[in-house]
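Asks: Based on what follows, work out the 3D shape:
(chains A, B, C and D)
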There are 4 protein chains.
Amino acid sequence: MQKRNATVAVIGAGDFIGSEIAKKFASEGFTVFAGRRNGAKLEPLVQEIEKAGGEIHARSLDARKEEEIISFLGDADKHAPLEVCIFNVGANVNFPILDTTERVFRKVWEMACYSGFLAGREAARLMLPRGKGNIFFTGATASLRGGSGYAAFASAKFGLRAVAQATARELGPKNIHVAHLIIDSGVDTAWVRERLKEREGEEAVKNLPPDRLMNPASVAEAYWALYTQPRDAWSFEHEIRPFGEKW
Amino acid sequence: MQKRNATVAVIGAGDFIGSEIAKKFASEGFTVFAGRRNGAKLEPLVQEIEKAGGEIHARSLDARKEEEIISFLGDADKHAPLEVCIFNVGANVNFPILDTTERVFRKVWEMACYSGFLAGREAARLMLPRGKGNIFFTGATASLRGGSGYAAFASAKFGLRAVAQATARELGPKNIHVAHLIIDSGVDTAWVRERLKEREGEEAVKNLPPDRLMNPASVAEAYWALYTQPRDAWSFEHEIRPFGEKW
Amino acid sequence: MQKRNATVAVIGAGDFIGSEIAKKFASEGFTVFAGRRNGAKLEPLVQEIEKAGGEIHARSLDARKEEEIISFLGDADKHAPLEVCIFNVGANVNFPILDTTERVFRKVWEMACYSGFLAGREAARLMLPRGKGNIFFTGATASLRGGSGYAAFASAKFGLRAVAQATARELGPKNIHVAHLIIDSGVDTAWVRERLKEREGEEAVKNLPPDRLMNPASVAEAYWALYTQPRDAWSFEHEIRPFGEKW
Amino acid sequence: MQKRNATVAVIGAGDFIGSEIAKKFASEGFTVFAGRRNGAKLEPLVQEIEKAGGEIHARSLDARKEEEIISFLGDADKHAPLEVCIFNVGANVNFPILDTTERVFRKVWEMACYSGFLAGREAARLMLPRGKGNIFFTGATASLRGGSGYAAFASAKFGLRAVAQATARELGPKNIHVAHLIIDSGVDTAWVRERLKEREGEEAVKNLPPDRLMNPASVAEAYWALYTQPRDAWSFEHEIRPFGEKW
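Replies: All right, here's what the predicted structure looks like:
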């Protein structure tokens, strides 16, 4: 692995997608700054990346706090130029409209939209003086469709997509690539398998065909593909789903 | 005018669109409950509606306060069954991303999205037991497009649209018509004429062809058209623009 | 009924939607020019409209023939100024891609797209010198979504929508209202009831809740609503579905 | 270069995008079957690919002829399994609606939509028995937006997109990757530079910033990226534009 003088910040470095993104960019020579609510949970990721010869700085990070975002990205950038910022905080919930409390609605927005705005803005602030950079946001089916029971979640994801669009239109001509990755499927995580078991029984999970759910590593590859696009052919919206997905 | 045993709540009863909606429904026999931040500014509207023989209750209302929404809609419904709730709070701002403070981002969202969620949910709570009702939201170009400089505003409007969609899908089968009106143009208000003057000079405003900007009364007619749709042919999204608008 | 000095042309005046459109505009005082493949089948419609005191001219019309469209619309316009042209030819088929013959693909396109282009263009030619008019196209779910098995039908409907959009953008500023009505549901026709019986059994059809399918007369009302919009608040795309429809 | 036992068919192997796609896949070891209206014009491409050690079969091909498509793809598949079929025929024209002859409308559709249907269907027929394959279509801004003057072109491109969507939904679960590449910009071709000169003068073309127009080779890279996606994370729609493009 050849070391680069560049950092990638992964905000929302969860056990699945976020971790795979971190590993991918680490394996390509990036220094990784990984943040999640409870930084202690990043320990296995740190060990895996370091064992593979990569460099990672793991932090507890409440992405809803402006000052935490500022110092997290600022530290990353001091270490080596912040070249990529990936916002990957999720907050999937489903409630009938009458059962959606104002607390849930606000919290989901703070996690999935407001913190994405903070991350995008602060990344832009660091990247603009150098005239280059990449800011990527993780979206979902709910970024495009407000399904029954998804008032809170879809509202936050729609809102995040608007942040990404407005920022892409403003910063693209300044050589900053802003993209929005729409994962239109269940990703293969413990949580999704649990939901599937509830819905279709234990057998359904056992007999799940390979590649039927999206492998988190494939999401990481999609982000890498966005990163490597030449600037005369950037994608803003990039949607992916498994071959067998109904859509 | 024949009086109906029904109220319409207009949340965000501003000088232009909101007032025209109130007048339209009043003229059709609805009792109007009109709320806006500074209720005192509703005085001319009250006089106009009452002079025409209509009934209106005007209130100061901070739509971002859950308890105020609950009591505003509850009072409306106690007066006569709440048949229509129209959410019309706007918050149009344009800032480069770096100049979009967290305070602005949050405030725009609270005004244009969060308060819409509260209004929709509380209207639904009152309407569901009667098995009928109408909940309408005012959208804009920015509901569908995150233009440069519109991170805050578009994010809130996208988010509001998601609330409307999710609610429409959940409540439609329960005979509650949820719709989202997209006004894809400048509306003929003092504010829009001022912007036009800044951009194109005084002459441009003076020579503005008739019907080039959208008349607020035409928005009110569009809402009325939504209200009168038979339930076997409801619109969810209803977009309107002046004949000469570029799109 | 007050007679107007105006004609409406209904191209594709089938037994359900097209007939209801004709009846609606006849009842509002328009002279109707109704065309369908086999003009003899228009006899009951003629009788019904004339009995109600309306005026209708029924014709056999192959809308895929340029010269027939030209003479049909030309005759309508000679009778009284052509004020509204409604293109309503359908061609719903579903085939797996390998079973979609080139003949089917071409024929569906000729019926549902190419003839719509001819109708729109020739209506525009008659309307432009008078500086006003209305050109409306009937769309469907397949106008927005290419579902499995719908390569031919969706391709034609997507194509028709593009014709409508391009024409709306060009002619709107010239005071010609071009609109595209998306009927996102099954309409209550013999054909749809037959499909439902095949799929869900005779009981399902018998117990069909009222308003669950869209009444053709409601489509006609939607067209009338488009016609009556003020020009400072025109819709281009107008979508309707029954309250209970899943979408 | 390692030779693969696989062919790529490029239908519409024009001087710019099509040629670059051919070169890219040839350089990756694919045998190329390249077709365009006038096969003689493929001579430079043949020389370039063969000089680089690649294999290419160049043909005159009228993609609007079912039997020609069948024999072109059949021959390709006999040579080595048809693994990728790329449909890249364009037909960009702009006419006011009244000047759009039925001949133009039909011809643009035959070139840009109907022949795409034929290519997709026949590629599927060859790929399905092997249970794998890739079918990619080139789209444009006009695939999503019917701009003024684009009734013919947008109608064909909308129609092609529907073919791609319906086919993707049907064949995805059968392990055939169908994708639709939206090139939302001018591509750097002689034709586009000529238009630019007409519009903005010779200086504008001379001073064109690097990467301002899309390099055809970047389109080829985008197709390669689609080809290399793992099947648990396929894109259907893939849009690209240069960093400085207004959208």
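Asks: Close to chain D: what parts of chain A are there?
Replies: A:169, A:172-173, A:175, A:177, A:211-215, A:218-219, A:221-222, A:225, A:229-247 (CB under 8 Å from any CB of the partner chain). The C-beta positions use only the backbone N, C-alpha and C, and glycine is treated the same way.
Asks: Now the residue minimising distance to the centre of chain A: closest residue in space, sequence neighbours ignored.
Replies: Centroid-nearest residue in chain A, with CA atoms, centre = their mean: A:Asn88, separated by 2.1 Å. Residue nearest to A:Asn88 in three dimensions, not counting chain neighbours: A:Gly12, with 3.8 Å by CB to CB, 6 or more residues apart in numbering or on different chains.
Asks: neighbours around A:Tyr223, how many?
Replies: 25 (other CB atoms under 10 Å in any protein chain shown).
Asks: and it, what does it touch?
Replies: Applying CB atoms under 8 Å, 6 or more residues apart in numbering or on different chains to A:Tyr223 gives the contacts A:21, A:24, A:86, A:136, A:181.
Asks: quick one: which of the residues you listed sit in strands?
Replies: Among these, the ones falling in strands (DSSP state E) are A:86, A:136, A:181.
Asks: Closest one to chain D out of the residues you listed, please.
Replies: When these are ranked by distance to chain D (CB to the nearest CB), A:Leu181 comes first, at 9.9 Å.
Asks: what's the closest non-adjacent residue to that closest one?
Replies: A:His238 (5.1 Å).
Asks: on that earlier part again, contacting residues around the residue nearest to the centre of chain A?
Replies: Per CB under 8 Å, 6+ apart, neighbours of A:Asn88: A:10-14, A:17-18, A:21, A:138.
Asks: quick one: it from chain B, how far?
Replies: Applying CB to the nearest CB, to the nearest Å, the value for A:Asn88 to chain B is 18 Å.
Asks: Could you pull out the helices in chain A for me?
Replies: For chain A, applying DSSP state H gives helices covering A:17-27, A:43-51, A:66-79, A:102-109, A:115-127, A:151-171, A:190-200, A:202-206, A:216-228.
Asks: In TSV: the ones you listed, plus mean pLDDT.
Replies: Shown next, in TSV, are these (pLDDT from 0 to 100):
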stretch	mean pLDDT
helix A:17-27	97
helix A:43-51	98
helix A:66-79	98
helix A:102-109	98
helix A:115-127	98
helix A:151-171	98
helix A:190-200	85
helix A:202-206	88
helix A:216-228	97
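Asks: which one of those helices is the most hemmed in?
Replies: Looking across the helices of chain A with neighbours counted as mean count of other CB atoms under 10 Å in any protein chain shown, the highest average goes to helix A:151-171: a mean of 29.
Asks: is that helix anywhere near chain B?
Replies: Yes - against chain B, helix A:151-171 shows contacts by CB under 8 Å from any CB at A:151-152, A:154-167, A:169-171.
Asks: quick one on the thing from earlier: nearest to D:Arg59, out of the ones in strands among the contacts of A:Tyr223: which one, please.
Replies: A:Leu181 (38.7 Å; CB to CB).
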